[in-house]
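Trainee: sharing a model prediction with you, sequence too.
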Amino acid sequence: MPEVGNGHIATMVNGANVFMNGLYNGVGPASSRARIPSLVAFQVRTTAVLVNETFTLDVRRGTFKEVRTYSQPHLVIEREIYAHREIDRVLVAHVTISRKAPSGQVDTDTPVEVWIDGLPDTSLLLSTDVTFQPTTIGYLLNYDTYSIATGQTNLPEVPGPVSTVAVAWKSTIQNVTVNRGDVITMSSIISIGVDSKDAIMGLFTAVEMPYDALLQLHSDKWESYFNTGFIYVDPQQNFQLAQTIYGSFYYLLSSIPNKQDPKNRFIGLSPGGLARGPSNTDYSGHVFWDQDTWMYPAILNFHPEQARLLIESRTGTLAAAKANAQKDGYQGAKFAWESAFTGIETSPWPPSGLYEIHITGDVALAVRQFLYVTDDKLRVIRELKLDEMAIEIATFWQSRAECDDAAGVCGIFDVMGPDEYHSRINNSVYTNYAAKLSLDLPAYVLNITGDSHPDLSKWAQTSSRLTYPTAIRADGKKFHLEFDGFTPGVWHPSSETPNDTAEVKQADVILLAYPFGMEMSAEMRQTDLEVYRPITDPHGPAMTWGMFALGYLELGHPENATELFDKNYENVVQPFGVWSEVPNGGGALNFLTGMGGYLQAIVNGYAGVRLMADHVTLHPQALPKTSSWKLVGYRHLGYRLDIAFDFAANVTTIETIAKLSTTHLVLALESGAVYDLSRVGHRHTVHLEKGVLRTYNPATDVLTTDTPSTDGTTPGGPSTEGPSTKGPSTEGPSTDGTTPGGQPTQTASLIAVSSVVIFCLSLMAVYLS
């Protein structure tokens, strides 16, 4: 089932538990998300005969809705669930029961009973992870009552105090008798906070609002995310693509709060999101490199405020990272391969915690990317203490590297790269390049601040001496070896896989060009792809194939790219677009890592976006089965841009929607034209070609003039308005077994009951079961 969440709390629809950001139970590696009993996972039952039911996940409004229609007598029962996007302590379930016979039908006078099933005993909330005190009663401002239960986790992650939680709720959900003509509404509003005051404040705020206003406030906030940062594809051209983009944005944003919470610091993104991770399932809700390498870049492009929260999840655990390094006998800061609340190492699999140190380099790259897109870099560095972070990261890598001064080379030994099928290897090419970027980071950051450090020259020397193993293929073409002694397709003694297989688990070497930006020839880039594609586990994690697709797009091979890009859909579990870690529903569910890789394949692959220190590249290409698509609200240096690509008309349309910056940004095309982007609302329609976004250079730039249209459309191109709120018809199937558009459907009936699942985007898809 899908989830509803807001970054503070989240739950799977009809799941037994709710989870709160930062609430974990268990010591060290046993730390996992603490379960809070759900008070919205109830079912509605009646003796009337079920005729039809629909299930709708509306990702633009952040709601899940069930609608059941009954006969004998005619009855419609609706249940809507959401985690409030604005009042983030609040989880809502709302029920509407309507007994109004359709026109021309006569209802009976016989009352019908409706029962509520599945609610837990609320006199004492029970959880394996949290010990709650008996529920007590409080009074609202109108003297109506509410219930509240306070609790604390059973075991702290590290020696010290346990974590606290409070649940306050006001519910009118109950068994009812429904008479002819009745319309009955009931709701349950639950507020979950770090203490009783926190929970009560959220509850009071919600219950004081009329229900329609409460829902509207929530929906408006969700809509604002899609209106200001999104990838638009015409669903009429490629519905699967459009739907998967919507779902990926929704699930990622569901686990990130609107802003930093001083009462409950955001601890980061887990591969399975906020709604999963109890008791060693779905990676226990731990934070991995998945956040920094896979999820973060997709958010950074469109919602840098939320991307900053991911950076802050790392700066907030810098002290723990320093303790991790010291514990392992090194200096500086070593970020945990798996972290929960405190930032200490919580991996239950020792090899990864000890050897998969590339995560510290992944964090360093995320910091660099954040500064690349930030206008006021100095302010951000000071606020987040990124200079200290960069220095501590470089210090770690310096202490971890081993240098042979006579030979003039440095290596990093006894590590594990992203390919977790090989452990305790030497000179992992991925890890070594991550170390290089980390060692170079302080020079970049301190150049902005105007400061210096006595170890800058030492770090630069080590960075320049790190080795990257290579080999030559039988045809004479050079490629990167994954590590010293690796032979593609041949089992290696370091293999962690059963049956002596010679596969690579996931993207590793192919990440050197993107996202690391290692310079290499086009031939070497292609040879790397050709060498590692056939030996990469076809049942490995979802994000890998998007990176292969991106590589082939770089090289101008769209056919190969499409084949690999489309492999992503093997991991999208319908009907609600919940990704699985491995194909066909296996591994961790709601796999945000795969969604992040998918969105990067679009933005950094098909749009050709590369973040550089002084510019952003664009190399637009047509997405599969589309003739046009659009980056809505692309963010750079304080600008918010709409960039539309029309491949039928061969034009790019770019408009500055908003600007919170004094930077003068331009679009410079490969052909030499330079377009001014500093005027909000001004739209340029230009030839579709490679280009860069960069700052204006008055000494060399001659701005190109154009005449933008004023009718809201691009001459010869697509409309530049935001995503349409209209989509395919959401009507149910017609009685002749076809959809209203005439397409045949597969239907099944059980005692005249049809179940319709709707994944509502702003467009709707109808699935029949």
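Mentor: Done, it's in.

Trainee: what's near enough to touch the spatially most central residue of the chain?
Mentor: Central residue of the chain (Cα atoms, centre = their mean): Leu252, 2.8 Å from the mean position. Applying Cβ atoms under 8 Å, 6 or more residues apart in numbering, we find Leu252 in contact with Leu269, Met295, Ala298, Ile299, Leu592, Met595, Gly596. (Each C-beta comes from the backbone N, C-alpha and C, glycine too.)

Trainee: following the chain past whatever helix or strand it lives in, name the next helix or strand.
Mentor: Using DSSP states H and E, Leu252 sits within helix 239-254. On the C-terminal side of helix 239-254, the nearest following helix or strand under DSSP H and E is helix 289.

Trainee: helices and strands around the following helix or strand past that next one, which ones?
Mentor: Toward the C-terminus, helix 289 is succeeded by helix 296-300 as the next helix or strand (DSSP H and E). In terms of contacts (3 or more Cβ pairs under 8 Å, 6 or more residues apart in numbering; DSSP states H and E), helix 296-300 is packed against helix 239-254, helix 304-315, helix 358-373, helix 592-600.

Trainee: can I get those helices in a markdown table including distance to Thr617 and mean pLDDT?
Mentor: Conversion of these to a markdown table gives the following (distance: least, Cβ to Cβ, whole Å; pLDDT from 0 to 100):
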| stretch | distance to Thr617 | mean pLDDT |
| --- | --- | --- |
| helix 239-254 | 22 | 98 |
| helix 304-315 | 18 | 98 |
| helix 358-373 | 12 | 98 |
| helix 592-600 | 14 | 98 |
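
Trainee: most tightly packed of the ones you listed?
Mentor: Among the helices and strands packed on helix 296-300, the stretch with the highest mean neighbour count (mean count of other Cβ atoms under 10 Å) is helix 592-600, at a mean of 28.

Trainee: what's the first helix or strand after that helix?
Mentor: With DSSP H and E, the next secondary element past helix 592-600 is strand 610-611.

Trainee: okay, the angle between the helix holding Leu252 and helix 592-600?
Mentor: 120 degrees (axes from the mean of the first three to the mean of the last three Cα atoms, to 10 degrees).

Trainee: chain center to helix 239-254, what's the gap?
Mentor: 10 Å (Cα atoms, centre = their mean, to the nearest Å).

Trainee: what segments of the stretch 101-250 of the chain are helices?
Mentor: Applying DSSP state H, counting those that start in this stretch to the stretch 101-250 of the chain gives helices spanning 196-207, 211-228, 239-254.

Trainee: buried set for the shortest one?
Mentor: Same thing as helix 196-207. Using 16 or more other Cβ atoms under 10 Å as the test for burial, helix 196-207 gives Ser196, Asp198, Ala199, Ile200, Gly202, Leu203, Phe204, Thr205, Ala206, Val207.

Trainee: next, the closest residue to Ser494 other than its chain neighbours: phi, psi?
Mentor: Nearest non-adjacent residue to Ser494, counting by Cβ to Cβ, 6 or more residues apart in numbering: His422, 4.7 Å away. Backbone geometry at His422, expressed as degrees, to the nearest 10, gives phi -130, psi 120.

Trainee: one step back: any chance of the helices of the stretch 101-250 of the chain in CSV, plus distance to Ala149?
Mentor: Listed next are these as CSV, based on distance: least, Cβ to Cβ, whole Å:
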stretch, distance to Ala149
helix 196-207, 9
helix 211-228, 23
helix 239-254, 25
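
Trainee: which one of the ones you listed lies closest to Asp107?
Mentor: helix 211-228 (26.4 Å; Cβ to Cβ).

Trainee: what distance separates that closest one from the centre of its chain?
Mentor: The answer for helix 211-228 is 20 Å, by Cα atoms, centre = their mean.

Trainee: about what we covered before: can I get the helix holding Leu252 in CSV, CA atoms only?
Mentor: Extracted in CSV, the C-alpha atoms of helix 239-254 (Å, rounded to 0.1, in the frame of the first residue of the first chain):
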residue,chain,number,x,y,z
PHE,A,239,1.3,8.1,-19.4
GLN,A,240,3.7,5.7,-17.7
LEU,A,241,6.5,8.2,-17.6
ALA,A,242,4.2,11.0,-16.4
GLN,A,243,2.7,8.8,-13.6
THR,A,244,6.1,7.6,-12.4
ILE,A,245,7.5,11.1,-12.2
TYR,A,246,4.5,12.3,-10.2
GLY,A,247,4.8,9.3,-7.8
SER,A,248,8.5,9.7,-7.4
PHE,A,249,8.2,13.3,-6.4
TYR,A,250,5.3,12.5,-4.0
TYR,A,251,7.1,9.8,-2.2
LEU,A,252,10.4,11.6,-1.8
LEU,A,253,8.7,14.8,-0.5
SER,A,254,6.4,12.8,1.8
